[in-house]
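Novice: Predicted model follows, preceded by the sequence.
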Amino acid sequence: MTNYERQKFVYGLLCKVYFDKAYCGIVLNDGIGPAPEGDRAFITKVFYGVIEKDVYLNYALSALVKQSPQPKVALVMKIGLYQLYFTDQAPYAVVSSSVDLVKSIGKKEVAGFVNATLKNYKKVRFPDKTDKINYLSVFGGVPVWLAKKLSAEYSFDSALETLTFRLTDKTHIRNNPAVIFKEELKNKYGLLDQSEYGFFVGAEQLKKMAPDEYTVQSLSSMKAVKIYLGDLSGGKVLDVCAAPGGKSVYIAQSGSFAVTACDIHEHRVELIKKYAARMKENLYVVRNDAEKDNEQWHDAFDVVVCDVPCSGIGVIRSKPDVLLNRKEADIPVLARSQKKILGVSAEYVKPGGRLCYSTCTVLKEENEKVVESFLGNHPGFELISEKTMLPQNDGCDGFFVAVMRRKV
């Protein structure tokens, strides 16, 4: 493929993410098939790169132009700017391809503007560390509102380290114990990059593995389950926001646990069932609204897990499209829902049982403050464990877990 053809291919994929609000992982997986094998790595790099560097590219674009271009023109220019800043392609070739691309989408009238603007890419002056918030925003890849929050909650240096720490690009997997033991899987496929609970595996190696012998599960997810369960070896467990089912199945496979897994949406209930079937694990799966009280579950479970919907700020490196649609106003709305779910779920815990709360965000408004609010309103519970996982400290995505015990 020529550079123009690759740019056009990437543009088509990115339109689905930016304008149709599709998930980037699904878009790339479903859409990259027609691309020649030799071009897929570059297409993937630019596709994810533009999304991950969206704030950086927007900053550059705003510094180069007086008025924001139309969204589709801006997207063409961001693809070009990404290549100019983060690849070793010849600048003249990138600019020429970008001009051809903007013409191909019916915007011939701005071809000269695109050409002149991209040629000036070196004139952009990015913020330095004296301008802490803008520096954190641009180089940490987050909007200004989030840079302010993270800097206030964790300090500038800690927030910058969290946002710029690079985790491995490999996929984290674990063995399916219903099919193969962990050591057998390791020896069969020569898995050398071992984590605390599983393995990091490259894409090519994954293709060689039997799909029923392993499952993809993030290290943070597995660490969370270990914190939920602690020294427990069995009991009745309710997972109130379980889809797609990874934690529920892992809990069931971690001892003699009878697991009830729920979700509010029927199609997500089906995802749990399919996941459990593939892992050869028996779960009781049911549709349920976690914000509404279910009296038949009162005082019925040894462990209740609330892995609640959240802003997803902890996983922005593995899911960079999270920030494209996230707004500051979302956070208090999410926190209200999280508090509601936790309050309702408390009714389901047996005396002496555990109420577990977790998110894949690092914002205290969704984490510690939700737990503090709950404990303030529920004196019958006490905090027994609380942990914020950060990539630089724990080698995994940002995650929060709190475990509370219902007093006897």
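Specialist: Thanks, I have it.
Novice: So which residues make contact with stretch 99-112?
Specialist: Contacts to stretch 99-112, defined as C-beta atoms under 8 Å, 6 or more residues apart in numbering, come from residues 4, 7-8, 11, 69-70, 72-73, 76-77, 79, 114-115. For every residue, glycine as well, the C-beta is placed using N, CA and C.
Novice: Most neighbours out of these, which is it?
Specialist: When those are compared by neighbour count (other C-beta atoms under 10 Å), residue 76 ends up highest, at 29 neighbours.
Novice: ok, back up a step: can you pick out the most distant pair from the contacts of stretch 99-112?
Specialist: Greatest spatial distance among the contacts of stretch 99-112 (C-beta to C-beta): 4 and 70, at 20.3 Å.
Novice: just the helices in the stretch 1-150 of the chain please.
Specialist: Taking DSSP state H, counting those that start in this stretch as the criterion, the stretch 1-150 of the chain carries its helices at 3-18, 24-31, 37-52, 54-64, 71-86, 91-104, 111-119, 132-140, 144-154.
Novice: List of residues touching the first one?
Specialist: When contacts are defined by C-beta under 8 Å, 6+ apart, helix 3-18 is touched by residues 1, 22-24, 27-28, 31-32, 35, 39, 42-43, 46-47, 50-51, 71-72, 75-76, 79-80, 83, 89, 93-94, 96-98, 100-101, 104-105, 321, 324.
Novice: Sort out which of those are buried, if you could.
Specialist: Neighbour counting by 16 or more other C-beta atoms under 10 Å classes 22, 24, 27-28, 31, 35, 42-43, 46-47, 50-51, 72, 75-76, 79-80, 83, 89, 94, 96-98, 100-101, 321 among the contacts of helix 3-18 as buried.
Novice: what number of residues lie near the residue nearest to residue 214 when sequence neighbours are not counted?
Specialist: Setting aside the residues directly before and after it, residue 214 is nearest to residue 173 in space (C-beta to C-beta, 6 or more residues apart in numbering), at 4.6 Å. Around residue 173 there are 22 other residues, counting by other C-beta under 10 Å.
Novice: Nearest residue to the middle of this protein?
Specialist: residue 315 (3.3 Å; C-alpha atoms, centre = their mean).
Novice: That residue contacts residue 321, doesn't it?
Specialist: No - between residue 315 and residue 321 there is no contact under C-beta atoms under 8 Å: 10.7 Å.
Novice: Work out the sheet partners of the lengthiest strand in the chain and label each with its direction, please.
Specialist: Using DSSP state E to define each element, the chain has its longest strand at strand 349-359. Sheet pairing of strand 349-359 (DSSP bridges) gives strand 301-307 (parallel), strand 399-406 (antiparallel).
Novice: which of these is buried the deepest?
Specialist: strand 301-307 (a mean of 25; mean count of other C-beta atoms under 10 Å).
Novice: Wasn't residue 323 part of a helix?
Specialist: Yes - counting by DSSP: H, G, I helix; E, B strand; the rest coil, residue 323 is part of a helix.
Novice: Setting the sequence-adjacent residues aside, check what's closest to it.
Specialist: Per C-beta to C-beta, 6+ apart, closest to residue 323 is residue 316, 5.6 Å.
Novice: doesn't residue 146 make contact with the one you found?
Specialist: No - counting by C-beta under 8 Å, residue 316 does not reach residue 146; the two are 9.2 Å apart.
Novice: And the strands in the stretch 151-300 of the chain?
Specialist: 171-175, 199-201, 214-216, 234-239, 256-263, 284-287 (DSSP state E, counting those that start in this stretch).
Novice: Touching the fourth one from outside, list them.
Specialist: Under the contact criterion C-beta under 8 Å, 6+ apart, strand 234-239 has outside partners 247-248, 251-252, 255-262, 297, 300-305, 307, 345, 348, 353.
Novice: That strand pairs with which strands?
Specialist: With DSSP bridges as the test, strand 234-239 pairs up with strand 256-263 (parallel), strand 301-307 (parallel).
Novice: residues contacting the closest residue to residue 271 other than its chain neighbours?
Specialist: Leaving aside its sequence neighbours, residue 271 sits nearest to residue 244 (C-beta to C-beta, 6+ apart; 4.4 Å). Residue 244 makes contact with 268, 271, 272, 275, according to C-beta under 8 Å, 6+ apart.
Novice: let's see 7 Å
Specialist: By C-beta atoms under 7 Å, 6 or more residues apart in numbering, residue 244 lies in contact with 271, 272, 275.
Novice: With residue 134 instead?
Specialist: Here residue 134 is in contact with residue 127 (C-beta under 7 Å, 6+ apart).
Novice: how close does it sit to residue 373?
Specialist: According to C-beta to C-beta, to the nearest Å, residue 134 stands 32 Å off from residue 373.
Novice: just residue 117 next, same as before
Specialist: Counting by C-beta to C-beta - residue 117 and residue 373 are separated by 49 Å.
Novice: Comparing those two, which residue is more hemmed in?
Specialist: residue 117 (20 against 15).
Novice: Can you give me the neighbour number for the spatially closest residue to that one that is not a sequence neighbour?
Specialist: Counting by C-beta to C-beta, 6+ apart, residue 117 lies nearest to residue 64, which is 5.1 Å off, once chain neighbours are set aside. For residue 64, the neighbour count with other C-beta under 10 Å is 17.
Novice: Any figure for the gap between residue 64 and residue 311?
Specialist: 31 Å.
Novice: Ok, residue 87 next?
Specialist: With C-beta to C-beta as the criterion, residue 87 and residue 311 are 31 Å apart.
Novice: and what of residue 7?
Specialist: As judged by C-beta to C-beta, residue 7 and residue 311 stand 32 Å apart.
Novice: just residue 190 next, same as before
Specialist: 39 Å.
Novice: of these two, who's got more company?
Specialist: residue 311 (25 against 8).
Novice: Wait, the more buried one touches residue 365, no?
Specialist: No - look at residue 311 against residue 365 with C-beta atoms under 7 Å: they stay out of range, at 9.0 Å.
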